[in-house]
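Colleague: Give the three-dimensional model of this entry:
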Amino acid sequence: MMRELLDFLVELSAHNNRDWFHEHKARYDVLRAGFVDDVQRLISLLAVADEELKGLQSQDCIYRIYRDIRFSPDKTPYKRFFSAYMARGGKKSPRAGYYLHVEPGNVLLCGGIWCPEPRLLKALRQAIYDNLDEWNSIVEAPAFKETYPVFDGEVLKTVPRPFPKEGAHARWMMRKDYTVVCHLPDEFLLQQEWVEAVAQKLLLLKPLNDFLNYTVDELAC
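Modeller: All right, here's what the predicted structure looks like:
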């Protein structure tokens, strides 16, 4: 099924218009149903270690293929990828979670928190500053760092107030997101047990997500 999905997305990228999509809608529906089932299996595997995901439904985690083109110069109507964000509350959750992105030539696994609102971002910076040793033990763990070598997102030019301008904390205070990325070859998804293989890599994110979600919960109290 994953080979067929990647092939479909290649064709969609080359024919990103409503006429082509409507002609191939039945094919899309079959592939999406398979993706829904695969993501549900993935959630079940993750929930064994991360109880926050118990009871989560894949339908609440998978993003629509239709693009919001209202404010975009790119008027192609469809996304060129399938994706899902697995966190308590589903894809719109403000919590740190697990992201799967299936796109030919750009398969990604991600974790952490993307674009936190200002109040949460300030609290996350403070939590990292106050618990820097714990934070470093998570992000410098060999298995984690090997799989997720890059923190993605925007970075400020200077350390924001009220934090000291220099020190081991500085690079973390300058971040506007706390999201890590793992790039995978398309072939990774073509193995028979790809869901299990993805789950194994995503579970390396749990300590990071737990650290970030502790602050999310504190802020909600």
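Colleague: How many neighbouring residues does the closest residue to Phe82 other than its chain neighbours have?
Modeller: Distances taken as CB to CB, 6 or more residues apart in numbering put Val102 closest to Phe82, at 4.5 Å, once the chain neighbours are dropped. In short, each C-beta sits where N, CA and C put it, glycine included. Residues contacting Val102 under the criterion other CB atoms under 10 Å number 21.
Colleague: Next, Val102: phi, psi?
Modeller: When quoted as degrees, to the nearest 10, the phi and psi of Val102 stand at phi -110, psi 110.
Colleague: Please list the outside residues in contact with the lowest-mean-pLDDT helix or strand in the chain.
Modeller: Every helix and strand of the chain was ranked by mean pLDDT, DSSP states H and E. The lowest is strand 150-152, at a mean of 91. Surrounding strand 150-152, the residues in contact under the criterion CB atoms under 8 Å, 6 or more residues apart in numbering are 110, 112, 139, 175, 177-181.
Colleague: In contact with the residue nearest the centre of the chain: list those residues for me.
Modeller: For the chain, Tyr99 is the residue whose C-alpha lies nearest the centre (CA atoms, centre = their mean; 2.5 Å). When contacts are counted by CB under 8 Å, 6+ apart, Tyr99 is found next to 83-86, 108-111.
Colleague: what does Val48 give?
Modeller: The contact partners of Val48, by CB under 8 Å, 6+ apart, come to none.
Colleague: Kindly report the same for Leu189.
Modeller: Taking CB under 8 Å, 6+ apart as the contact definition, Leu189 lies against 2, 6, 102, 107, 198.
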